[in-house]
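**Q** next input, structure requested:
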Amino acid sequence: DLEGESWSPIWYFEGELGGQGHKISNFTMSNGSHFSGFFASINHGGVVKNVTFADFSMTVNTEEAFSAGVIAGTNSGTIENCIVEDAVISYSYSKKYNASTTSTISLGGCVGQNTGFISDCVANINIICLIKIANTAGGYSPSQFTNWNNIGGIAGTNNGSLVKNHSANIISVSGTVDGAQAQNFYYCASVSRIGGAVGHNFGSVSECTGKDMISYSFNQYSKVKIIDIHAGGLVGVNEGNIENCVALGQISDSTSNTVSKIYIGGFVGHSLSGTIKNCYAQSALNQNVSVRGIDEERIGGFAGYNQATISNCYADSTVKTQISTGVGGFVGRNATGGSISKCITFGSLETVTNSNVGYFVGVAESGSSLFKCYYDSSMTVTYAYGLTEGGTAETAETLISQAFLIDKLSWSKEIWTFADGKKPTLNFENE
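**A** Residues are numbered from 1 along each chain as shown. Take a look at the predicted model:
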């Protein structure tokens, strides 16, 4: 018990903290430097294990890009069997710019940026992120600004390895972007990747579970070129390898202004590259704004937008949306080069859109592929017409049967747990 003391981050930690199950609690953390956390940075060779961080508040108010997480701002070492609970991270990023620049924020429940190894950790806290960006360049100054926000329940950005971690956070992201004072050569962009476990994944994620409640709202004012939002129950954007993972959370979108792209998925918002296999999503997706200008909006029970490879996965999500340019029970849009094989979707779709809605895929681009993909023939779809199938209809009874999953789709008992009359789960969940 630190008795309410303000904690100063430890820099360049290369030793070992073995907590032996003890708890560090009742402390506060505020602005550090570019890396903020109990440890500013855990370097290669550093080890933190068997410790709980609880009952604290962490506040970051900054005009500079930060990497922030409860345990560490950045991790290149090993974090094992740690718990982060009963706490609030409040991150406020307010940037006024008058020259060309780029900034990247990485905010996570455990770490901001991970290039090391994190396993058997639990994050159960409240993460609040407020982003305010304004152009202050008058005249004809060519001020161009791009802001990247990576926000995740375990790590904001992952270039390392995440194994057997569990996130059950409340993640709230809101922002305003204003380019009003830019006269001619303006470029103001904000891109947010939000995930239950990882905002932007370049590394490996396995046997992880996300039960997070994610909500976001962005407001755009004049002369803003781009606002992109990528939100997923486990990962916002994936460019790495994910296997044997589960997303069981909720995503709520209440952005009311014009945006460029919104990709929402029960498991992953944007599957950009890499692979996802042997995973499932049982998520609730709610896009509840009826009027706004938008270039692209893709919503899927598993993936919003897919350009990569997804195999042996299923979605059992509830999707509700007011407007969209691609809604699917499994994937909103399967883009050129996107490959989905041996996957299944259950759940329900509720939308007022008139086209690009499908039981399995909303939009299938030329050069994309589906192989042995199926949807529940009793799947509920309301307020839409001109439905596309993009898969093969089968009864729920058939789709969850061992004969179908094992014999027809070659799902493995070494990975999945099968029970008569129930949807499969992953073996690691029962360990």
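**Q** from now on I want contacts and neighbour counts done on CA atoms only, so please keep to that.
**A** Fine.
**Q** need the strands for the stretch 1-150 of the chain, in chain order.
**A** Chain-ordered strands for the stretch 1-150 of the chain, with DSSP state E, counting those that start in this stretch as the definition, fall at 5-6, 16-29, 35-36, 39-42, 47-62, 67-69, 72-75, 78-80, 83-97, 101-108, 111-114, 117-119, 122-135, 144-152.
**Q** where does the stretch 151-300 of the chain dip in pLDDT?
**A** Screening the stretch 151-300 of the chain residue by residue with the criterion pLDDT under 70, one finds the ranges 176-189, 219-226, 255-259, 288-295.
**Q** can you do 80?
**A** Under the criterion of pLDDT under 80, the regions of the stretch 151-300 of the chain flagged as low confidence span 174-190, 217-227, 254-260, 287-297.
**Q** mean neighbour count and distance to S369 added to the strands of the stretch 1-150 of the chain, as CSV?
**A** Compiled in CSV, those are given as follows (neighbours: other CA atoms under 10 Å; distance: least, CA to CA, whole Å):
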stretch, mean neighbour count, distance to S369
strand 5-6, 14, 54
strand 16-29, 16, 48
strand 35-36, 28, 42
strand 39-42, 28, 42
strand 47-62, 20, 44
strand 67-69, 31, 38
strand 72-75, 32, 38
strand 78-80, 23, 39
strand 83-97, 20, 41
strand 101-108, 22, 33
strand 111-114, 33, 33
strand 117-119, 23, 34
strand 122-135, 22, 37
strand 144-152, 25, 29
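**Q** distance to A308 added to those, as CSV?
**A** Compiled in CSV, these are given as follows (distance: least, CA to CA, whole Å):
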stretch, distance to A308
strand 5-6, 45
strand 16-29, 39
strand 35-36, 32
strand 39-42, 32
strand 47-62, 34
strand 67-69, 28
strand 72-75, 28
strand 78-80, 29
strand 83-97, 32
strand 101-108, 24
strand 111-114, 23
strand 117-119, 25
strand 122-135, 29
strand 144-152, 20
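**Q** and those: which comes nearest V268?
**A** For these, proximity to V268 was assessed by CA to CA; strand 144-152 is nearest, at 12.0 Å.
**Q** gap between that closest one and the chain center?
**A** On the basis of CA atoms, centre = their mean, to the nearest Å, strand 144-152 is displaced by 14 Å from the centre of the chain it belongs to.
**Q** count of residues packed around the nearest residue to G203 once chain neighbours are set aside?
**A** Spatial nearest neighbour of G203, excluding adjacent residues (CA to CA, 6 or more residues apart in numbering): N159 at 4.3 Å. Residues near N159, counting by other CA atoms under 10 Å, number 20.
**Q** gap between N159 and E16?
**A** N159 sits 22 Å away from E16, taking CA to CA, to the nearest Å as the criterion.
**Q** can you check A168 too?
**A** 27 Å.
**Q** just Q282 next, same as before
**A** 38 Å.
**Q** in which helix or strand would I find I310?
**A** Per DSSP states H and E, I310 falls inside strand 309-311.
**Q** next one: that strand to chain centre, how far?
**A** Taking CA atoms, centre = their mean, one finds strand 309-311 lying 17 Å from the centre of the chain it belongs to.
**Q** need the residues that contact it.
**A** Taking contacts as CA atoms under 8 Å, 6 or more residues apart in numbering, the residues outside strand 309-311 that touch it are 271, 273-278, 338-343.
**Q** closest to S412 among those residues?
**A** Nearest to S412 out of those is N278 (CA to CA; 9.3 Å).
**Q** quick one: residues contacting the closest one.
**A** E243, N244, C245, S311, N312, C313, I415.
**Q** for these, pick the one with the most neighbours.
**A** Top of these by neighbour count (other CA under 10 Å): C245, with 27 neighbours.
**Q** pretty sure that one is touching S204, no?
**A** No - applying CA atoms under 8 Å, one finds C245 not in contact with S204, separated by 11.2 Å.
**Q** overlap of the contact sets of those two?
**A** Common contacts of C245 and S204, defined by CA under 8 Å, 6+ apart, are absent altogether.
**Q** now stretch 345-360, how far from the centre of its chain.
**A** With CA atoms, centre = their mean, you get 22 Å for stretch 345-360.
**Q** export that stretch as CSV, just CAs?
**A** What follows is stretch 345-360 as a C-alpha-only set of coordinates in CSV (Å, rounded to 0.1, in the frame of the first residue of the first chain):
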residue,chain,number,x,y,z
THR,A,345,-21.6,-17.4,-39.0
PHE,A,346,-24.6,-17.4,-36.7
GLY,A,347,-26.1,-14.4,-34.9
SER,A,348,-28.3,-11.7,-36.3
LEU,A,349,-28.2,-8.5,-38.5
GLU,A,350,-30.4,-5.5,-38.1
THR,A,351,-29.9,-2.7,-40.6
VAL,A,352,-31.8,0.0,-42.5
THR,A,353,-29.4,0.0,-45.4
ASN,A,354,-30.8,-1.1,-48.8
SER,A,355,-27.8,-2.9,-50.4
ASN,A,356,-24.5,-4.5,-49.7
VAL,A,357,-25.9,-6.6,-46.9
GLY,A,358,-25.3,-10.3,-46.8
TYR,A,359,-25.8,-13.3,-44.5
PHE,A,360,-22.1,-14.1,-44.7
